[in-house]
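Asks: Coordinates for the following, if possible.
(one chain, ligands or ions: 2)
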Amino acid sequence: MADADPIIALSDVHKIYPDAQRERTVLRGINARFRSGEFVAILGRSGSGKSTLLNLLGGIDLPSRGDILFRGMNISTLDERRRTLFRREHIGFVFQFFNLIPTLTVFENLAFTLDLNGIDRARAQQRVAELLSQLGLSDRADAFPDRLSGGEQQRIAVARAVAHKPSLVLADEPTGNLDRDTEHQVLALLRAMPGRDYTTVIAATHSPEVASCADRILHLQDGALAEAAS
Ligand SMILES: Nc1ncnc2c1ncn2[C@@H]1O[C@H](COP(=O)(O)OP(=O)(O)O)[C@@H](O)[C@H]1O
Ligand SMILES: [Mg+2]
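Replies: Residues are numbered from 1 along each chain as shown. Ligands and ions are numbered 1, 2, ... in the order given. Next comes the predicted model:
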């Protein structure tokens, strides 16, 4: 049930970008609730505000009006530092262009997130080894990202997003830069990452493939979010 204990809930969320000539209202009173463990696809044409919405959910940006409650805590009233800490602990991000750190190896890219969360070295190394083994990428641990295929980079990026066991993974066009076969692999991973039972995944996407494996599809249009008829 969408009403049972949401992990994150938006209430009358507006986002207005100030512009030189006139203000630009991108989100006009969004109300939505996301529950623990569900996989939700957000569809909408380019420029409809999908990235804006994900940035608000992840505490990267603040709404112009309205509240965003994460397990009942209003993240839209947190200062920058607290939002950073919130993000570090609770959120995992996956981006269209992978965004791995080019000067760190695969292993180091994964260990880095855990290090930021204050997880000690021995435990972090164990967790990274476990993740790489689950991905079937253990042999790539010492490679730098530019030596990996796009699909491999994105699988590592998904592993990075879930390494610290966040409650919410926000994926912005996660397969937008992949071919179909690779898309399938990344999607399978996003859907069925071991230990994902309680992790909510919200993916902004153009891809019918991503949408077809979501528990719920929402359409963002004219600043409003509507549930797709199922
Ligand atoms: N920081 C910003 N300042 C001003 N306008 C922005 C900013 N970010 C996004 N926009 C505008 O908001 C609209 C929605 O953008 P975005 O959220 O990136 O849409 P989508 O991800 O669906 O393509 C676009 O018209 C975009 O130009
Ligand atoms: Mg976008």
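Asks: which residues of the protein fall in strands?
Replies: 6-17, 24-35, 39-43, 65-70, 73-74, 91-94, 168-172, 200-205, 216-221, 224-227 (DSSP state E).
Asks: Of these, give the one that comes closest to ligand 1.
Replies: Among the strands of the chain, the nearest to ligand 1 by Cβ to the nearest ligand atom is strand 6-17 (3.4 Å). Quick note: C-beta positions are derived from backbone N, CA and C, even for glycine.
Asks: Residues contacting that closest one, please?
Replies: For strand 6-17, the surrounding residues in contact (Cβ atoms under 8 Å, 6 or more residues apart in numbering) are 23-36, 49, 52-53, 56-57, 61, 63-71, 167-168, 200.
Asks: Mean neighbour count for the strands of the chain - can I get that in CSV?
Replies: Formatted as CSV, the strands of the chain follow (neighbours: other Cβ atoms under 10 Å):
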stretch, mean neighbour count
strand 6-17, 19
strand 24-35, 17
strand 39-43, 23
strand 65-70, 17
strand 73-74, 12
strand 91-94, 23
strand 168-172, 25
strand 200-205, 25
strand 216-221, 18
strand 224-227, 15
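Asks: JSON lines please, covering these and showing distance to residue 133.
Replies: Output for the strands of the chain, formatted as JSON lines (distance: least, Cβ to Cβ, whole Å):
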{"stretch": "strand 6-17", "distance to residue 133": "28"}
{"stretch": "strand 24-35", "distance to residue 133": "30"}
{"stretch": "strand 39-43", "distance to residue 133": "24"}
{"stretch": "strand 65-70", "distance to residue 133": "31"}
{"stretch": "strand 73-74", "distance to residue 133": "35"}
{"stretch": "strand 91-94", "distance to residue 133": "19"}
{"stretch": "strand 168-172", "distance to residue 133": "20"}
{"stretch": "strand 200-205", "distance to residue 133": "22"}
{"stretch": "strand 216-221", "distance to residue 133": "31"}
{"stretch": "strand 224-227", "distance to residue 133": "38"}
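Asks: Output those strands in a markdown table; the columns should cover distance to ligand 2.
Replies: Below are the strands of the chain laid out as a markdown table (distance: least, Cβ to the ion, whole Å):
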| stretch | distance to ligand 2 |
| --- | --- |
| strand 6-17 | 13 |
| strand 24-35 | 11 |
| strand 39-43 | 10 |
| strand 65-70 | 18 |
| strand 73-74 | 25 |
| strand 91-94 | 13 |
| strand 168-172 | 6 |
| strand 200-205 | 6 |
| strand 216-221 | 10 |
| strand 224-227 | 15 |
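Asks: Redo the ones you listed as JSON lines? Include mean pLDDT.
Replies: As requested, these are exported to JSON lines (pLDDT from 0 to 100):
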{"stretch": "strand 6-17", "mean pLDDT": "96"}
{"stretch": "strand 24-35", "mean pLDDT": "96"}
{"stretch": "strand 39-43", "mean pLDDT": "95"}
{"stretch": "strand 65-70", "mean pLDDT": "97"}
{"stretch": "strand 73-74", "mean pLDDT": "95"}
{"stretch": "strand 91-94", "mean pLDDT": "95"}
{"stretch": "strand 168-172", "mean pLDDT": "96"}
{"stretch": "strand 200-205", "mean pLDDT": "95"}
{"stretch": "strand 216-221", "mean pLDDT": "96"}
{"stretch": "strand 224-227", "mean pLDDT": "94"}
